[in-house]
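Trainee: quick one, what's the 3D model for this:
(6 chains)
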4 protein chains.
Amino acid sequence: MARPRNTDRRSAILSAATRAIASQGLGATTAMIAKEAGVSNGSLFVYFDTKAALLNELYVALKTEMATTSLVGLPAGSEPREQMLHMWTQWLRWATASPEKRRALAQLQVSDDITAASHQAVNSASSAIADLLERSRAGGPMQDAPLGFVLTLTNAIAETTIDTVIREPADAEALVRVAFDAIWRVIAGA
Amino acid sequence: MARPRNTDRRSAILSAATRAIASQGLGATTAMIAKEAGVSNGSLFVYFDTKAALLNELYVALKTEMATTSLVGLPAGSEPREQMLHMWTQWLRWATASPEKRRALAQLQVSDDITAASHQAVNSASSAIADLLERSRAGGPMQDAPLGFVLTLTNAIAETTIDTVIREPADAEALVRVAFDAIWRVIAGA
Amino acid sequence: MARPRNTDRRSAILSAATRAIASQGLGATTAMIAKEAGVSNGSLFVYFDTKAALLNELYVALKTEMATTSLVGLPAGSEPREQMLHMWTQWLRWATASPEKRRALAQLQVSDDITAASHQAVNSASSAIADLLERSRAGGPMQDAPLGFVLTLTNAIAETTIDTVIREPADAEALVRVAFDAIWRVIAGA
Amino acid sequence: MARPRNTDRRSAILSAATRAIASQGLGATTAMIAKEAGVSNGSLFVYFDTKAALLNELYVALKTEMATTSLVGLPAGSEPREQMLHMWTQWLRWATASPEKRRALAQLQVSDDITAASHQAVNSASSAIADLLERSRAGGPMQDAPLGFVLTLTNAIAETTIDTVIREPADAEALVRVAFDAIWRVIAGA
DNA sequence: TATGAATGAGGATTCATTCAT
DNA sequence: TATGAATGAATCCTCATTCAT
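Mentor: Sure thing, here's the model as predicted:
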């Protein structure tokens, strides 16, 4: 049952789940999600074996989308700092343009339902980001730390920034610049 | 008169809740918690009106304990960096010594059951930390950012570090040092 | 499409509730009612949002049935006394034929769970009875009393009679006749 | 444990139960009642073995008080109608002066917790009333009906009247007179 | 005797999942 | 395939009653 024809329905459900989780948290019921998707209760289980399966798939989809979007139009030949800044800007654009996706993702990230496999899948999906990070930290104070740590760290800072911006969009621009400088200091020193 | 209300029981429940939440997540049932505390199902509700009330109290207790412990023996006259380092060390010591408290706290932090009042209570409990942060960033690149942002940012970095250390305690010492330098770079520049 | 919602099931639950309440009182649990109806615990809540909702619906259904039955075959052109006697006879027939309905109704009538709306709904359902009562008391000693009072009074006498008849069916016939005369004396004098 | 010294406490509890039941219905918890009585939870069970025991005792006490009060100052040598009128007046005075007792009694009367023994006890307590009723109906249309039936019937009419008066005290006086005439018509004819 | 802490058997309700149509 | 009715285990919480003090 895991992959029937109608792709629209699948994504309708995933999209509904995003909205439901953003507003109700992980406690959003499958009934709510189905209703939000304009689909029957039972249909949800035609497309996803389990609520957990839905959650995992949504997590991977959201995180992958985020990674992909962040890399769109990356200036190929530029310096790492330039590229990081580009990524950072894209990332924030995505998150502020889709606050519901961001909120849902934040919830999913800490859920016990997300399997190690999903976390793994996401990691490999963001290998391009990892590469960029690798190049950015070369010769810097973080060069000997585990790459995973640097990744998570960057992610944590980014998410904190995003959440602050979403909550108080007043001085967003300034804040975003300050935050990028902070990230760069973390990764590349000075 | 009557059997006096047993303060041990209260803390037994809080402590059991910590363990249960650390291992089962916020879905840990009141029955589990009561059993783990060696207390009857109904007794839990003698001490806490509601599961949410228990969660909130636990959150405040844990976070306050973390803040208090981090400040124990703070070298009064020293430079901000010295003091931050001290706090950082203490913080990590607490977290690594009590991984269950750390895990429970991580879950509680994102729970919808935690009221604004509890978050407020915690904030005021950690005002000393805020002060230290304020002094540390003076004249640095973060001096104009909202203090709350700097606080959350520091917190995020710390927690990421702690989680990594807990997961892979191999090169803990080195990692901790690297992470502190990163934090200092974020807050104070250079 | 899907399994159509079974109307029998609804009435099975209502009917089971009647029996359960007749024998156990309003404390009859939803579990008992569901079991008695040959339905799962959860199904009860598919048909009734709440135990209180079930109770209210049952109350209205029972009282309406009682009113309707009492009016079946009412001799249209007859004198009020004739009509009242007819109603009285039908009423008693219904009550003695369905002692469980009568007992359940007695309990529901005094329940705090029955809303004003339900009481209202019942009132309008028994407007034909009210009309008959109005005609019967015309020119009699009760002509200036509030109609609601006369209605409740009649109801109280009827129910007392019914309960006595159900408890001791020995001289039912005589008792019923005596009681009717009493009612008529109350309403119409002489 | 059924009858310890301190009579004040006993009656404090009974009185508290009256108030609690009047306002909360039979669902009033023993905790509520104890608190209302200014007595500890556990003490209630020193005086009454069981909640049901408390309820039964309260029922008997209330009903007995009602009967006794109704007979105070009964004009000894008068005609039955005169005596009935006196009783009726006293009864209504008691009920309107103590609406909480009346409300509690109404609830208790239909409770499954009240044993047959309690109902029996009440009957014998109101034997004087029964006597009066017996004399009143002599030679009338109710002379051959079971005495118990006539008693319950009278009671039902009285209670309906009381409830109406309590609910809408506007034309109380007129209503009370009309109702008495109705009762007398029921019992003694014309 | 008086207290109120402690108990644990329920009780109403929810919800992921199954299944008849 | 799509539906939504049906399920029943699981959950939080209540409350009469017991018992240590």
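Trainee: find the nearest non-adjacent residue to A:Ala172, please.
Mentor: A:Val165 (4.9 Å; Cβ to Cβ, 6 or more residues apart in numbering or on different chains). In this view, the C-beta of every residue, glycine as well, is placed from N, C-alpha and C.
Trainee: shouldn't A:Met66 be in contact with A:Leu108?
Mentor: No. In this structure, A:Met66 is not within contact of A:Leu108 by Cβ atoms under 8 Å, at 11.7 Å.
Trainee: and the pLDDT for A:Ala2?
Mentor: Note for A:Ala2: predicted pLDDT of 45.
Trainee: list the contacts of the residue positioned nearest the centre of chain A.
Mentor: For chain A, the residue nearest the mean C-alpha position is A:Lys63 (3.4 Å; Cα atoms, centre = their mean). Neighbour list for A:Lys63: A:Leu105, A:Val122, A:Ala125, A:Ser126 [criterion: Cβ atoms under 8 Å, 6 or more residues apart in numbering or on different chains].
Trainee: also A:Pro80?
Mentor: Neighbouring residues of A:Pro80 by Cβ under 8 Å, 6+ apart: A:Leu132, A:Arg135, A:Ser136, A:Ala138, A:Ala188.
Trainee: state the helix or strand in which A:Arg102 lies.
Mentor: For A:Arg102, the host element (DSSP states H and E) is helix A:99-109.
Trainee: do that helix and DNA strand E meet?
Mentor: No. Helix A:99-109 lies out of reach of DNA strand E by Cβ under 7 Å from any atom of the strand, never closer than 13.8 Å.
Trainee: returning to what we had before: specify the local secondary structure of the residue nearest to the centre of chain A.
Mentor: helix (DSSP: H, G, I helix; E, B strand; the rest coil).
Trainee: please parse chain A into its domains.
Mentor: Domain ranges of chain A: A:1-49, A:58-188, per automatic domain parsing.
Trainee: in a markdown table: those domains, plus distance to DNA strand F.
Mentor: Converted to a markdown table, the domains of chain A look like this (distance: least, Cβ to the nearest atom of the strand, whole Å):
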| stretch | distance to DNA strand F |
| --- | --- |
| domain A:1-49 | 2 |
| domain A:58-188 | 13 |
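Trainee: turn the contacts of A:Lys63 into TSV, columns for secondary structure, pLDDT and neighbour count.
Mentor: Below are the contacts of A:Lys63 laid out as TSV (DSSP: H, G, I helix; E, B strand; the rest coil; pLDDT from 0 to 100; neighbours: other Cβ atoms under 10 Å in any protein chain shown):
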residue	secondary structure	pLDDT	neighbour count
A:Leu105	helix	94	22
A:Val122	helix	91	19
A:Ala125	helix	81	17
A:Ser126	coil	86	20
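Trainee: which of the residues you listed lies closest to chain C?
Mentor: Comparing the contacts of A:Lys63 against chain C with Cβ to the nearest Cβ places A:Leu105 closest, at 33.1 Å.
Trainee: please tell me how far that closest one sits from A:Ser111.
Mentor: With distances taken as Cβ to Cβ, to the nearest Å, A:Leu105 is found 11 Å from A:Ser111.
Trainee: pull up the overlap in contacts between those two.
Mentor: With Cβ under 8 Å, 6+ apart as the test, A:Leu105 and A:Ser111 both reach A:Tyr59.
Trainee: which residues are in contact with the residue nearest to A:Glu36 when sequence neighbours are not counted?
Mentor: Excluding the flanking residues, the one nearest A:Glu36 by Cβ to Cβ, 6+ apart is A:Ala16, at 3.8 Å. Applying Cβ under 8 Å, 6+ apart, we find A:Ala16 in contact with A:Ile33, A:Ala34, A:Glu36, A:Ala37, A:Gly38, A:Val39.
Trainee: format the residues you listed as CSV; extra columns: distance to D:Lys101.
Mentor: CSV is the format used below for the contacts of A:Ala16 (distance: Cβ to Cβ, whole Å):
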residue, distance to D:Lys101
A:Ile33, 55
A:Ala34, 54
A:Glu36, 54
A:Ala37, 58
A:Gly38, 58
A:Val39, 59
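Trainee: tell me the two of these that are most distant?
Mentor: A:Ile33 and A:Gly38 (10.8 Å; Cβ to Cβ).
Trainee: which one of these two is surrounded by more residues?
Mentor: Neighbour tally, A:Ile33 and A:Gly38, criterion other Cβ atoms under 10 Å in any protein chain shown: the higher count belongs to A:Ile33, 26 against 11.
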